[in-house]
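Student: This is the structure alone, sequence omitted:
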């Protein structure tokens, strides 16, 4: 149902754009249309064909991998999800003059079916504001992290794989850590997550929808990505590492993310043990040890906008013609 809601909302927004575009003078209308994510792609591609405009498709994930992953884990609505997304993806890929992929893995998967269309990698550009000690302390107090290690899971609850990951944290990880790592408090944050706040264990705290994640992430020590489905680039992992969090991730969630010594990979069957290992490492560090810092090369990969600027240069040339 989440996919259906996204689809309906996106098509409504596209219709509003089309109606506004029709009323523009020819000299004022756009010459290049860029569809960001699959739900906007189909209708935008069709309008670009009608208008004979240039069309660019910026994928957030691989539809084939995401749909296959949903079906593999037996998620509810997996067939409907594939049925909703596949036509949009086909229309967009067949219409695009340029396809933008968020990672090399997504690009390589597309090359098999896009022999004549250029596919360019443009990693998502993220930022991490320097920590503000007062804001961080306020979050530590709010989350009850005095004398505790915060292990955080961030994700929109409008995306079903995030809901499944939260259910794993609540039903499997939290009970295990309550026994083996009582010094750990699990933190859940993200759009719509406040709906889960009434049904969690004592070692879980739900922060809900947070306007500024920076101080919350700095207040924690461990990032969690127990996802069962791969496809694009897990932005939660990027944000975790940019804030200095040692991250425990499934291989599926790591798909499309550059390797880093701060990421510890484990399938769900071994996930609690890997979290426990990280907890022991952190507890064994000197009390005044500096917060881990990600590799500068890794940071540049996800904060440097040069890939985006190159794409913009190409689009600017089309806009001028």
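Tutor: Happy to help now that I have it. Since we're looking at a predicted model, the values are computed, not measured.
Student: Please enumerate the helices of this protein.
Tutor: Ranges of helices in the chain, per DSSP state H, are 2-23, 38-51, 63-73, 78-95, 104-111, 133-143, 160-168, 174-180, 214-219, 235-242, 251-254, 271-283, 296-303, 306-320.
Student: The second one - what's its average pLDDT?
Tutor: When you say that, I think you mean helix 38-51. For helix 38-51, mean pLDDT rounds to 88.
Student: cool, and the fifth one?
Tutor: With pLDDT averaged residue by residue, helix 104-111 scores 82.
Student: Run through the neighbouring helices and strands of it.
Tutor: Applying 3 or more Cβ pairs under 8 Å, 6 or more residues apart in numbering; DSSP states H and E, one finds that helix 104-111 contacts strand 98-101, strand 119-121. (Glycine included, C-beta is placed from N, CA and C.)
Student: gap between the spatially most central residue of the chain and residue 127?
Tutor: The geometric centre of the chain, computed from its C-alpha atoms, lies nearest to residue 235 (Cα atoms, centre = their mean), at 3.4 Å. According to Cβ to Cβ, to the nearest Å, residue 235 stands 12 Å off from residue 127.
Student: out of the helices of the chain, nearest to residue 205?
Tutor: With Cβ to Cβ, the closest approach to residue 205 among the helices of the chain belongs to helix 133-143: 5.3 Å.
Student: tell me what the closest one is packed against?
Tutor: When contacts are defined as 3+ Cβ pairs under 8 Å, 6+ apart, helix 133-143 sits against strand 204-208, helix 214-219.
Student: and for it, what are the contacting residues?
Tutor: With contact meaning Cβ atoms under 8 Å, 6 or more residues apart in numbering, helix 133-143 is reached by 145-146, 150, 185, 187, 205, 207, 214-216, 218-220.
Student: do stretch 93-108 as well
Tutor: Applying Cβ under 8 Å, 6+ apart, the external contacts of stretch 93-108 come out as 45-46, 48-49, 54-62, 110, 113-114, 117-124, 231-233, 255-257, 311, 314, 318.
Student: And the residues you listed, which of them are buried?
Tutor: Applying 16 or more other Cβ atoms under 10 Å to these, the neighbour count classes 45-46, 48, 54-62, 110, 117, 119, 122-123, 231-233, 255-257, 311, 314 as buried.
Student: For stretch 17-30, measure first residue to last.
Tutor: Using Cα to Cα, to the nearest Å, the end-to-end distance of stretch 17-30 comes to 11 Å.
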